[in-house]
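[1] Model the following, please.
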Amino acid sequence: MNSVKVLNIPLYSKDIPTATQTVIDTCKNEEKQNRCVSATGAHGLVYAKRNEEFRNTLHNFSINLPDGMPGVWVGKLKGAKQMKRCYGPDFFMSLLQHSAQEPVKHFFCGGKDGVAEALKTACEEKFKNHNIVGTYCPPFKPVDQFDYKEIADIINQTNADVVWIGLSTPKQELFAKNLAKHSNVHYIITVGAAFDFHTGNVKQAPKLMQKMGLEWFFRLCMEPKRLYKRYLEIVPMFIFYNLKELFTFAKHK
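    Predicted coordinates:
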């Protein structure tokens, strides 16, 4: 098993190089099965704890990458000693770099108008990957109001292997689940703010703060009005839920 449960969600227990190679090998050697992959941090884990539909969605995903250090710390406490953070933007960069000379076609779906197209240009320049076969910017509306068949038809016509979804949690995961019912690709991968990070629209936290698990604090400082309510709730609830779960885990070990 390459996963460990954190707040009852199976998180990937390896690292980015292993996940990258798994995706490339699957695209090259296996049939298309619309495998869904998330990059799930504390926000997603806490939301899944409270929302049954979202929890079931993550349980049905092929891989849930540990997007934040807190999830990795908990996973290691539960015995996943090789577990490392698989930060969405870093996984995106790794896969775009390592698939540049491989027969793996990418499609970008998400962001505000022009972001996905700007990301295509950035990937061609920074990662030397010219296998981006299409982009799509979904209009801003509730996740249950999209015409997923229409969007899938656009994607399927490009013969894409990997579809990257850059929206936000929980919308992007539900979007991926619905899209998978109509698409014909190898992977649909949700990576949150990776689109904005790699186009330079949003500044990333310094590496030291990321390693210390303080990226949430950096982002809060950057966008206090938008994020303060989220983190005021998520941080204490993530700690509470995990302490409760770890106590139960230790009791029955």
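[2] May I have the phi/psi pair for the nearest residue to residue 134 once chain neighbours are set aside?
    Closest residue to residue 134 apart from its sequence neighbours, by C-beta to C-beta, 6 or more residues apart in numbering: residue 158 at 4.2 Å. In this view, the C-beta of every residue, glycine as well, is placed from N, C-alpha and C. Reported as degrees, to the nearest 10, the phi and psi values for residue 158 are phi -90, psi -10.
[3] burial of the spatially closest residue to residue 120 that is not a sequence neighbour, as a residue count?
    What sits nearest to residue 120 in space, not counting adjacent residues and going by C-beta to C-beta, 6+ apart, is residue 132, at 4.5 Å. Using other C-beta atoms under 10 Å as the criterion, residue 132 is surrounded by 24 other residues.
[4] I'd like to know how far residue 132 sits from residue 155.
    Residue 132 sits 12 Å away from residue 155 when distances are taken as C-beta to C-beta, to the nearest Å.
[5] So for those two, which residues contact both of them?
    residue 107 (C-beta atoms under 8 Å, 6 or more residues apart in numbering).
[6] any idea which helix is longest in the chain?
    Scanning the chain for the helix with the most residues, using DSSP state H, yields helix 224-252.
[7] Report all helices and strands that that helix contacts.
    Under the contact criterion of 3 or more C-beta pairs under 8 Å, 6 or more residues apart in numbering; DSSP states H and E, the helices and strands touching helix 224-252 comprise helix 42-50, helix 69-77, helix 215-222.
[8] can you pull the pLDDT of the residue nearest to residue 134?
    Looking at residue 158, its pLDDT is 97.
[9] Ramachandran angles for residue 162?
    In this entry, residue 162 is assigned phi and psi values of phi -130, psi 120 (degrees, to the nearest 10).
[10] Surely it and residue 27 touch.
    Yes - using C-beta atoms under 8 Å, residue 162 and residue 27 qualify as a contacting pair, with a distance of 6.8 Å.
[11] anything in contact with each of these two?
    Each of 99, 104, 186, 187 lies in contact with both residue 162 and residue 27 under the rule C-beta under 8 Å, 6+ apart.
[12] which one of those residues is nearest residue 35?
    Closest to residue 35 out of the shared contacts of residue 162 and residue 27 is residue 187 (5.1 Å), distances taken as C-beta to C-beta.
[13] list the contacts for the closest one?
    Each residue near residue 187 by C-beta under 8 Å, 6+ apart is listed here: 23, 26, 27, 34, 35, 36, 37, 62, 161, 162, 163.
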